Every structure is written in C-alpha cells, then in structure tokens.
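**Q** build the 3D model from these lines:
(one chain, ligands or ions: 1)
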Amino acid sequence: MRKTFIAGNWKMHKTVSEAVALAKELVPAADGNSRYLIAPPFTALSAVGEVVKGTPLLLGAQNMSNAESGAHTGEVSVHMLKDVGVQVVILGHSERRLIYGEKDAFINEKVKLALDNDLEVILCVGETLEQREAGEVEQVVRTQVEGGLKGIPEGFLDKVTIAYEPVWAIGTGKTATPEDADAVHAFIRKVIKEMYGDKAAEAMVIQYGGSVKPGNVKELMAMKNIDGALVGGAALKAETFVPIMKYDS
Ligand SMILES: O=C[C@H](O)COP(=O)(O)O
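**A** Now for the predicted structure:
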C-alpha cells in the first residue's frame with residue numbers, strides 16, 4: 001500500500017521570517033494519513049528546520065549541487081543540506097531543466113549523490129505543451145525517468161518519489177484532467193516495471209504537480225495511480241495548502 005505524499009515547493013518566495021511564520025501554521029496540519037513536506041528557499045532552510053524538527057512535517061530543498069564540495073560558486077552541497085536538517089531534495093524540476101538547462105545525465109548525478117548520502121529524492125518529469133501537441137508525452141517522460149534513475153539500484157527506490165508535472169500546467173491554472181494525469185502516471189509505473197519489475201512499480205509513489213488547488217486535489221487524489229501532489233502557488237499560504245494537506249478529511 002503506497003503512502004500518499006503531499007509536498008509544497010515554495011520556489012523563490014518567502015523571506016526567513018515569512019517562511020518561519022508559514023511553517024508554524026503548517027506544522028499542526030501535518031497530522032493526517034499522508035507524508036507532508038515543505039521546500040523553502042535555501043536561505044530559509046535552517047530557520048524552518050528548527051520549526052519542523054521533531055514534527056511529521058518533512059524539510060525539503062529545491063535543488064542541490066552535483067558536486068560534494070569545492071570550487072562551485074553559488075552551489076549548495078548535499079552535506080550542507082543535511083547539516084540544516086533537510087530530509088528530501090527536489091531534483092529535475094522543469095524550471096531547472098528549462099531555465100537553467102539541466103539535462104538528464106546531470107540530474108542523474110545529483111540523484112545518485114543524494115541517495116548515497118541518505119537524502120530522499122523527488123524526481124520531477126513532464127512534457128512541455130509543444131511536446132504534448134507533437135504526441136511525444138510518453139517518449140519524453142520515459143527518457144526523463146530512465147535518465148534520472150540510470151544506475152540506481154532497486155534497493156534505493158524506497159527513497160525516491162517521482163513527480164509528474166506537465167510543464168503547461170505549472171502556474172498556469174490549467175490542470176491536466178485527472179484521467180489524463182492518471183494515464184501518464186500509469187505509464188511511468190510501466191517504465192518503472194520495465195526497469196525494476198512489478199514490486200518496485202507497485203510501490204513507487206508518484207505525485208502530480210501543476211495547478212493543484214483545494215478545489216481539484218480530491219479528484220486528482222482519487223485516481224488509482226496518483227499518490228500525492230507537488231504544489232507550487234497554492235503551497236504559499238496556509239489557507240490554501242492546509243486544505244490540500246487535509247484533502248482526505
Ligand atoms: O513544484 C511545483 C510545481 O511546479 C507546480 O506549481 P503550481 O502548483 O504553481 O502549478
């Protein structure tokens with residue numbers, strides 16, 4: 001039985017004091033049947049880490065360097081993340097892929113480094129509108145899943161969540177229909193099955209991301225292959241994120 005997983009990606013929003021205030025509002029809501037995560041910006045990780053320490057609300061980072069240490073100006077290492085209490089790192093987000101040019105092989109290096117250092121990973125995949133209209137959804141998603149997980153042994157998979165985020169649905173108010181999203185989630189499960197077998201495919205937690213809101217989370221979560229949500233805009237306020245965390249109550 002897969003445990004549902006609700007995550008908020010705060011992207012480049014919130015000062016330290018704003019982040020701490022929001023985290024304090026969210027801690028009491030992390031008391032349901034799911035796993036819950038917030039991913040503040042790097043500057044607020046340490047302070048938010050103090051707020052969520054010892055609570056069920058997990059601390060996530062939005063990115064990580066592919067290198068362990070050294071001359072990498074502007075980067076943040078896996079050890080630095082662990083040092084401030086980070087438990088999960090979001091990798092391969094479409095904004096990293098499209099704005100900063102991150103490719104599958106590079107993302108794969110980060111996935112390996114995170115897992116080797118006992119950090120959980122949310123691996124994001126998803127097609128652009130252009131790719132969807134060209135009928136390339138499965139090809140794109142397959143390449144990203146296979147590329148991101150290349151060389152990862154099955155024993156690490158319980159530390160991996162996949163987030164399917166169609167780029168055209170991110171921050172646009174357009175959501176994939178629950179049926180469309182579920183079909184891609186089922187396809188991702190098929191790819192995992194081909195790579196690792198039935199048991200791993202059945203166990204893989206796959207989140208949906210792209211304009212998830214209090215008003216659509218229930219119908220998305222009702223789908224057979226949708227096990228969670230990776231939320232952007234609606235994760236920035238307790239009044240919209242708490243109802244998403246509590247979608248099943
Ligand atoms: O990481 C979160 C996603 O990019 C979704 O963002 P959104 O909920 O604002 O569409």
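
**Q** what about residue 6, which SS state?
**A** strand (DSSP: H, G, I helix; E, B strand; the rest coil).

**Q** around the ligand, pick out the residues from the chain.
**A** With CB under 6 Å from any ligand atom as the criterion, the chain meets the ligand at residues 9, 93, 165, 170-171, 209-212, 230-234. C-beta coordinates here come from the backbone N, C-alpha and C atoms, glycine included.

**Q** can I get the residues you listed in CSV including distance to residue 66?
**A** Formatted as CSV, the residues of the chain next to the ligand follow (distance: CB to CB, whole Å):
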residue, distance to residue 66
9, 20
93, 15
165, 21
170, 23
171, 26
209, 23
210, 26
211, 30
212, 29
230, 21
231, 26
232, 24
233, 28
234, 30
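
**Q** among the residues you listed, which are located in strands?
**A** The strands, defined by DSSP state E, take in 9, 230-231 from those.

**Q** ok, so of these, who is nearest the ligand?
**A** Comparing these against the ligand with CB to the nearest ligand atom places residue 9 closest, at 3.5 Å.

**Q** does that closest one really touch residue 41, like I thought?
**A** No. Under the criterion of CB atoms under 8 Å, residue 9 is not in contact with residue 41, lying 10.1 Å apart.

**Q** which neighbours do those two share?
**A** When contacts are counted by CB atoms under 8 Å, 6 or more residues apart in numbering, residue 9 and residue 41 are jointly contacted by residue 62.

**Q** ok, the two, which is more surrounded?
**A** Per other CB atoms under 10 Å, whichever of residue 9 and residue 41 has more neighbours is residue 9, with 25 against 18.

**Q** how much space between residue 26 and residue 235?
**A** Separation of residue 26 from residue 235 (CB to CB, to the nearest Å): 9 Å.

**Q** let me fix that, I meant to ask about residue 198.
**A** From residue 198 to residue 235 the distance is 33 Å (CB to CB).

**Q** so where does the residue of the chain most remote from its centre fall, helix or strand?
**A** The centre of the chain is farthest from one residue, residue 71, which by CA atoms, centre = their mean lies 27.8 Å away. Assigned by DSSP states H and E, residue 71 falls within no helix or strand.
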